[in-house]
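Asker: Provided below for reference: sequence and predicted model.
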Amino acid sequence: MPRELTKVVYRVSPEATEDYVVIVNPAEYKKWKEGGATVPLTEVVDSFSIFWSNQGSQGLLGTPSNQQLDNAFGSHKDVDVITQILQKGKEEAGKGIRSGDGATNVTKGSFAVDTRGKSSSGIP
């Protein structure tokens, strides 16, 4: 069963258009925020991926360069940057963000590939 995930969004300054985003497990993030370093960071974050968008946190998310991270956070090490985002960022519910093996739309077909009567180019 897929689990719900949340994103933590951090904007370096109010005038900036760049948002940095980390995907977290909401229950573990809440424990981490209250208890500090007692909860391992590996249980808080879904992955050690940092996302970046210059269209706001609802825009397309990409991966920031090391130079962008150095300019914004003073480091490009993922643990240092993620810790700063978690401490200073704002939690936003991610209803559409899920993790796990849940099939998204099984009713659309059997996912079987029918290659009968076709050549390798796909034209009969």
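Answerer: Yep, that arrived.

Asker: measure the residue positioned nearest the centre of the chain to Phe48 for me?
Answerer: In the chain, the residue lying closest to the centroid (CA atoms, centre = their mean) is Ile23, at 3.8 Å. Relative to Phe48, Ile23 is positioned 10 Å away (CB to CB, to the nearest Å). All C-beta atoms are positioned from the backbone trio N, CA, C, and that covers glycine.

Asker: do the same with Lys77
Answerer: The value you get for Lys77 to Phe48, if CB to CB is used, is 10 Å.

Asker: ok so, going back, the residue nearest to the centre of the chain: what's it in contact with?
Answerer: Leu5, Thr6, Lys7, Val45, Asp46, Ser47, Ser49, Phe51, Gly94, Ile97 (CB atoms under 8 Å, 6 or more residues apart in numbering).

Asker: apply 6 Å and report the result again.
Answerer: By CB atoms under 6 Å, 6 or more residues apart in numbering, Ile23 lies in contact with Leu5, Lys7, Asp46.

Asker: could you do Thr42 as well?
Answerer: By CB under 6 Å, 6+ apart, Thr42 has no neighbours at all.

Asker: assumed it was part of a helix.
Answerer: Yes - assigned with DSSP: H, G, I helix; E, B strand; the rest coil, Thr42 falls within a helix.

Asker: run the chain-centre distance for stretch 11-28.
Answerer: Taking CA atoms, centre = their mean, to the nearest Å, one finds stretch 11-28 lying 10 Å from the centre of the chain it belongs to.

Asker: where do the helices sit along the chain?
Answerer: 26-35, 41-44, 66-73, 78-88 (DSSP state H).

Asker: now the last one: buried residues?
Answerer: Of the residues in helix 78-88, those buried under the neighbour-count criterion (16 or more other CB atoms under 10 Å) are Asp78, Val81, Ile82, Thr83, Gln84, Ile85, Leu86.

Asker: show me where the chain has its strands.
Answerer: Along the chain, counting by DSSP state E, strands occupy 3-11, 19-24, 51-53, 90-99.

Asker: so which elements touch the shortest one?
Answerer: With contacts defined as 3 or more CB pairs under 6 Å, 6 or more residues apart in numbering; DSSP states H and E, the packing partners of strand 51-53 are strand 19-24.
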